[in-house]
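# here is a sequence with its predicted model. Questions after.
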Amino acid sequence: MNIVILAAGQGKRMRSRLPKVLHPVAGRSMLAHVIDTAQSVANGRGGPTRTVVVVGHGAEQVRDAFSDRRDVDFVLQQPQLGTGHAVMQAVPRIDETWPTLVLYGDVPLVRAETLARLLDGAGSGMAVLTVRLADPAGYGRIVRDWHGNVLRIVEQKDASDDERGISEVNTGILVAPTAKLKAWLARLSNDNAQREYYLTDVVAQAVAEGVRVAGVVADDADEMLGVNSKAQLARIERVAQSRAAAAAMEAGATLADPARFDVRGELAVGADVFIDVNCVFEGRVSLADGVRIGPNCVLRDCSVGAGAEVAGFCHLDGATIGAEARIGPFARLRPTSRLADGVHIGNFVEVKNSQLDVASKANHLSYVGDATVGRNVNIGAGTIVANYDGANKHRTVIGDDAHTGSNSVLVAPITVGAGATVGAGSTVTREVPAGELTVARAKQVTVRGWKRPAKQK
């Protein structure tokens, strides 16, 4: 199947240097949504697929954004002379033995199942995707014959009073046999007020040649929403998030408020997951059965084990969290942090590139960086693992059952032996023996008669 996606528009009303189709919806560009949805349908039907994106405004930015996609080809439309002209630019890149599906890069909410119905409806002929609107003003009306096939598409300005009463309108999305589509495109005329070549004009040519044109109605009008302004982008974002919320609840999650919930990537949830308000999930996040996420948390590329709890106001990035762990509130986990089952990370604790084994704890005001922490370790309040010497990062190893007292500093590279205790207020720079108490403090001195300086009045 050929997939042609029109993505050349400037989007002046967006008032942005970013090409319109690169604006994000639910964490991915609109164009990425369209490409992935179309390719998922094509892959599901088997056989080869060719995807061609027609670019224009900001062409280099669009190409650069998809530089890692070897399965997408780009062609330039310059100048931009309408939708029919845009598809003409893709003609040299498509295979006329396959059908061609035409989509729009600024219509990101169309569902895979809707496109599958469109392809099925076309058969060996042509099919256009339509939608029924309560207020169809401004849209091209779908006129059908007695058999339900599309007879013509009538623009608002050309429609009769009866035709203006039709609620079914054209979306612009269609599928057609490619050999015939090429011939129809070649015969398009720009004899109109805009001096443009309109893709919709191929419908009349198909009907004139006796080719059946099916009209497939989208079940949900929101699928056909396009973006020409930031307000429309915001509306589409909320529709996308409403879908994500519904999917999460269907999978077993309870959402404190589905309207205050954002997925900007992929979220997988198990049974009995609870998610409080204002949480954001970015990249790929998985929450196992019974996970509880408190309010105002951000999770990016994280895996959270069964029964774990993330209290409010935590920021977790690239972390793996074991079952029954307790995180936060106000904790930060940075990339490649791995917490085993039952680990506790408390308020104002930051963990970076470290591994904490089963039942270890850092409950208050600590920094653990580039460390390997054993089982049942207690990291006292205010403990700092000083991993950076100003040029290089160094690793710290803390053995099972070790304890660090409050306000300790472990200067890496260093090893704290199993069962060792570091006294409160100690700065340790050498190996801490297993099973022993190590204290490294300056001697306490009281200066008799000392007076605090006073400000001059």
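Noted; the coordinates are in hand.
# endpoints of stretch 184-204, how far apart?
End-to-end span of stretch 184-204 (Cα to Cα, to the nearest Å): 10 Å.
# now do the contacts for Ala424.
Contacts of Ala424 were listed using Cβ atoms under 8 Å, 6 or more residues apart in numbering, and they are 380, 405-408. For glycine as for every other residue, the C-beta is placed from the backbone atoms N, C-alpha and C.
# got the domain ranges for the chain?
Domain assignment for the chain, taken from automatic domain parsing, gives 2-224, 251-438.
# so how far is stretch 349-360 from its chain's centroid?
Mean C-alpha position of stretch 349-360 versus that of the full chain (Cα atoms, centre = their mean, to the nearest Å) differs by 27 Å.
# please identify the buried residues of stretch 211-220?
For stretch 211-220, a neighbour-count test (16 or more other Cβ atoms under 10 Å) marks 211-218 as buried.
# so where's the stretch 151-300 of the chain uncertain?
For the stretch 151-300 of the chain, no stretch has pLDDT under 70.
# where do the helices sit along the protein?
For the chain, helices defined by DSSP state H occupy the ranges 30-45, 59-65, 83-90, 112-122, 161-164, 178-186, 201-208, 230-251.
# who touches the closest residue to Asp289 other than its chain neighbours in this structure?
Spatial nearest neighbour of Asp289, excluding adjacent residues (Cβ to Cβ, 6 or more residues apart in numbering): Gly270 at 3.7 Å. Gly270 is in contact with 251-252, 287-291, 306, counting by Cβ under 8 Å, 6+ apart.
# only the buried subset of those residues, as a ChimeraX command please.
Remark: buried members of the contacts of Gly270, expressed as a ChimeraX selection using 16+ other Cβ under 10 Å:
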select :287,288,290,291,306
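# give me the subset of the contacts of Gly270 lying in strands.
Leu287 (DSSP state E).
# could you identify the most distant pair in the contacts of Gly270?
The span of those, defined through Cβ to Cβ, is set by Ala251 and Ala306 at 14.7 Å.
# once you drop chain neighbours, what's closest to Gln10?
That would be His57: by Cβ to Cβ, 6+ apart, it lies 4.0 Å from Gln10.
# shouldn't Leu18 be in contact with Gly58?
Yes. Using Cβ atoms under 8 Å, Leu18 is in contact with Gly58, at 7.4 Å.
# more crowded one of the two?
The neighbour count for Leu18 versus Gly58, taken as other Cβ atoms under 10 Å, is higher for Gly58 (22 against 15).
# tell me how many other residues crowd Cys314.
By other Cβ under 10 Å, neighbour count at Cys314 equals 23.
# tell me who's in contact with Gln10.
20, 56-57.
# ugh, wrong one, Ala240
Applying Cβ under 8 Å, 6+ apart, the residues near Ala240 are 25-26, 108-109.
# one more time with 7 Å
25-26, 109 (Cβ atoms under 7 Å, 6 or more residues apart in numbering).
# ranking by neighbours, what's the top pick from those?
That'd be Leu109 among the contacts of Ala240, by other Cβ under 10 Å, with 23 neighbours.
# number of residues surrounding the residue nearest to it when sequence neighbours are not counted?
Of all residues not flanking Leu109 in the chain, Glu223 sits nearest, at 5.1 Å (Cβ to Cβ, 6+ apart). Neighbours of Glu223 under the rule other Cβ under 10 Å: 20.
# ok, of the contacts of Gln10, which one's closest to Arg441?
Closest to Arg441, out of all of those and judged by Cβ to Cβ, is Lys20, at 62.4 Å.
# close enough to count as contact, Ala440 and Val428?
Yes. The pair Ala440 / Val428 is scored as a contact, 5.1 Å apart, by Cβ atoms under 7 Å.
# okay, those two: which has more neighbours?
Using other Cβ under 10 Å, the more surrounded residue of Ala440 and Val428 is Val428, with 20 against 16.
# what about Asn363, neighbour count?
Neighbours around Asn363, by other Cβ under 10 Å: 17.
# ok, back up a step: are any of the contacts of Gln10 buried, and which?
For the contacts of Gln10, buried by 16+ other Cβ under 10 Å: 20, 56-57.
# could those residues go into CSV alongside pLDDT and distance to Ile275?
Shown next, in CSV, are the buried ones among the contacts of Gln10 (pLDDT from 0 to 100; distance: Cβ to Cβ, whole Å):
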residue, pLDDT, distance to Ile275
Lys20, 96, 32
Gly56, 95, 41
His57, 92, 39
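# any idea which of these is closest to Arg235?
Lys20 (14.9 Å).
# for the closest one, list the residues it contacts.
Residues near Lys20 by Cβ under 7 Å, 6+ apart: 9, 11, 14, 106, 227.
# and the second one, how many residues sit next to it?
Other residues within reach of Gly11, judged by other Cβ under 10 Å, total 20.
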